[in-house]
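In: Mind looking at a prediction? Sequence and model below.
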Amino acid sequence: MTYLLKIIFFIGDLLFLNLAILLSFYLSKDVFWDASDLNQLYLVLYSNIGWFFLVLVSNPYSLNKGWSMSKIFRSQSAFIFIHSLIVLSLVIFFKKNYTITQIVFIYLIFFPVFFSWKVFVIYIRKLFIPEIKSRNYIVIGRNNLSEDIRKHYLINRELGFRFKGYFDGISNYSLLERLKAFCRSNEVHEIYYCVTDANEEQLKKLVSFGLDSLIKVKLISTSPSQNQSIQLGKYDQIPGLGMATLPLDEFINQFIKRAFDLVFSVIFLLSIFSWLYAIIALLIKLDSKGPVFFIQMRNGLNNKPFGCFKFRTMSFERNAEFIQATKNDQRITRIGKFLRKSSIDELPQFINVFRGDMSLIGPRPHPIKLNEDFSGKIKSMVSRHYVKPGITGLAQCMGYRGETQTLTDMENRVRLDRYYIENWSFWLDIKIIFLTVVSLIRGSDNAY
């Protein structure tokens, strides 16, 4: 479990524990807090000291993502039972006047809230960031760090990580090519770069390969160079220094981005799309026959296809072959011209954002046929799918929008998308939103 989730659980548990104590006084004495009653203060102190002590000695928040709810229930039930014994022993030792009823009230309130809180947080985490059940990994470097990683996943088999092999290094071209071939043939999902002194040039080559192959590269090092942003701590309980080589490999960054997507999409869908849909749907139906939505299969995260929603802007033809829209395209309807020029046709993609298929900001998803046409011509084409596709992106707000007339146009799109993935920040997303609004106001000759 990530460090952030441990902090969230710890703070939440303390709040609910103290709330349960206050409610127990209210149920037994009809008062929440009486400053003159030292017994109330002592019980709060006993309970909190006992909780801190148990957290320090038993590590109750070491819940792995592969644990079942029944296993979590057994583990946490034992923890609460021991805490109740500690509180009772402190009460008896200091000979304070508490009724058994009051102590029972504390745990009758705290116990269900404690588990409901855990289930809620775990559910929200899965909603924000879906887990991959089984992942293959390799380790570069043979030392204590690499052995610790191997042992960690052997002990915690419920995490679903499968070891595929050690590699001594990638110090030359032939070793790197052998590594690439091995990763492709064994469907490797993660690479751990375990070295005592990280070679920045080798790491750059490895990260570049990871992007092109949709493989996560993680650095585990005890001797980081001064220009690397590495924070001391544990990486998923693995000893050493952990560094996500790309910003969106970090859970906290994924959480921020997904939370922003959910909040923004819900507000938009309820406040604007709910009434705008009725107007646009009516105009589309009056203009031509066919459905309101056009749902096209496009490549998304990890290059997996998903149904991308758009308002229909062309005359409807069932099972029509994909042909990219061009200037003065005869298939585009009268209302469709306005929708495409203003980008209103893209607004249904907020549904995709809410569902988790897309993000507000990211590389624009291409139709599968278009992706296939350019994948053989542009080496880094697949790297765009390292993150979720977006309603808008850096390439679009920089003018690369609409039809890709030349190979250079697509290469520039990929170059900007790659820059976004490697340099993501929340403020970059905000900047792209602002630039997109400016671009929409100015208009674009490529929007047709």
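Out: Alright, I've got the coordinates.
In: Averaged pLDDT, the host helix or strand of I124. What do you get?
Out: If you go by DSSP states H and E, I124 is part of helix 100-128. The average pLDDT within helix 100-128 is 78.
In: Can you give the contact residues for the helix or strand that that helix is followed by?
Out: Following helix 100-128 in sequence order, the next helix or strand is strand 135-140 (DSSP H and E). Contact with strand 135-140 is made by 146, 149-150, 153, 160-170, 179, 182-183, 186-195, 206, as judged by Cβ atoms under 8 Å, 6 or more residues apart in numbering. Just so you know, the C-beta spots here come from the backbone N, C-alpha and C atoms, and that holds for glycine as well.
In: Please point out which parts of the helix holding I124 sit buried.
Out: Buried residues in helix 100-128, counted by 16 or more other Cβ atoms under 10 Å: 102-103, 105-107, 109-111, 113-115, 117-118, 122, 125, 128.
In: Please identify which pair of those residues lies farthest apart.
Out: Greatest spatial distance among the buried residues of helix 100-128 (Cβ to Cβ): Q102 and F128, at 38.9 Å.
In: can you count the residues close to A20?
Out: 19 (other Cβ atoms under 10 Å).
In: Repeat that for the one 3 residues further on.
Out: In terms of burial, L23 registers 16 neighbours under the definition other Cβ under 10 Å.
In: Check M358 too.
Out: Neighbours of M358 (other Cβ under 10 Å): 27.
In: do the same with Q296
Out: 16.
In: Shouldn't it be within a strand?
Out: Yes: secondary structure of Q296 (DSSP: H, G, I helix; E, B strand; the rest coil): part of a strand.
In: surely it meets F306?
Out: No: using Cβ atoms under 8 Å, Q296 is not in contact with F306; the gap is 9.9 Å.
In: rewinding a little: in strands only, show me the contacts of strand 135-140.
Out: Among these, the members falling in strands (DSSP state E) are 161-167, 190-195.
In: Just the helices from the stretch 251-400 of the chain, written as ranges.
Out: Using DSSP state H, counting those that start in this stretch, the helices assigned to the stretch 251-400 of the chain run over residues 251-268, 274-287, 334-342, 349-355, 368-375, 394-397.
In: Least confident of these, on average?
Out: helix 368-375 has the lowest average pLDDT among the helices of the stretch 251-400 of the chain, namely a mean of 81.
In: Can you give the distance from it to the centre of its chain?
Out: Distance, stretch centre to chain centre, for helix 368-375: 26 Å (Cα atoms, centre = their mean, to the nearest Å).
In: try stretch 341-361
Out: The answer for stretch 341-361 is 18 Å, by Cα atoms, centre = their mean.
In: buried residues in that stretch?
Out: Buried, per 16+ other Cβ under 10 Å, within stretch 341-361: 341, 343-354, 356-361.
In: And stretch 170-178, by the same measure?
Out: Neighbour-count burial for stretch 170-178 [16+ other Cβ under 10 Å]: 170, 176.
In: just stretch 276-295 next, same as before
Out: Under 16+ other Cβ under 10 Å, the buried positions of stretch 276-295 are 277, 280, 283-284, 290, 293-294.
In: which one among those residues gets closest to I267?
Out: Y277 (15.3 Å).
In: Provide a list of residues in contact with the closest one.
Out: V292 are the contacts of Y277 under Cβ under 8 Å, 6+ apart.
In: Begin at 17, not 1, for the rest of this chat.
Out: With 17 as the first residue, the last one maps to Y293.
In: What separation do you get for it and R356?
Out: 17 Å (Cβ to Cβ, to the nearest Å).
In: just to revisit the earlier point, from the ones in strands among the contacts of strand 151-156, list just the buried residues.
Out: 177, 180, 183, 206-211.
In: Same list (those) but as TSV, adding pLDDT and distance to H401.
Out: Compiled in TSV, those are given as follows (pLDDT from 0 to 100; distance: Cβ to Cβ, whole Å):
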residue	pLDDT	distance to H401
F177	86	22
K180	90	22
F183	85	25
E206	90	16
I207	90	18
Y208	89	22
Y209	86	22
C210	82	27
V211	72	28
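In: Looking at those, which one is closest to G352?
Out: E206 (44.0 Å).
In: now the helix or strand hosting I437: how far from the chain's centre is it?
Out: If you go by DSSP H and E, I437 is part of helix 423-438. Per Cα atoms, centre = their mean, the displacement of helix 423-438 from the mean C-alpha position of its chain is 22 Å.
In: Using PDB, write out the CA atom coordinates for it.
Out: Extracted C-alpha coordinates of helix 423-438, given in PDB (Å, rounded to 0.1, in the frame of the first residue of the first chain):
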ATOM      1  CA  LEU A 423       3.800  12.700 -42.000                       C
ATOM      2  CA  THR A 424       5.500  15.800 -40.500                       C
ATOM      3  CA  ASP A 425       2.200  16.900 -39.000                       C
ATOM      4  CA  MET A 426       1.800  13.600 -37.200                       C
ATOM      5  CA  GLU A 427       5.500  13.600 -36.100                       C
ATOM      6  CA  ASN A 428       5.000  17.000 -34.500                       C
ATOM      7  CA  ARG A 429       1.900  15.800 -32.700                       C
ATOM      8  CA  VAL A 430       3.800  12.800 -31.400                       C
ATOM      9  CA  ARG A 431       6.700  15.000 -30.400                       C
ATOM     10  CA  LEU A 432       4.500  17.300 -28.300                       C
ATOM     11  CA  ASP A 433       2.500  14.400 -26.800                       C
ATOM     12  CA  ARG A 434       5.800  12.800 -25.800                       C
ATOM     13  CA  TYR A 435       6.900  16.100 -24.200                       C
ATOM     14  CA  TYR A 436       3.600  16.200 -22.200                       C
ATOM     15  CA  ILE A 437       4.100  12.700 -20.900                       C
ATOM     16  CA  GLU A 438       7.700  13.200 -19.900                       C
END
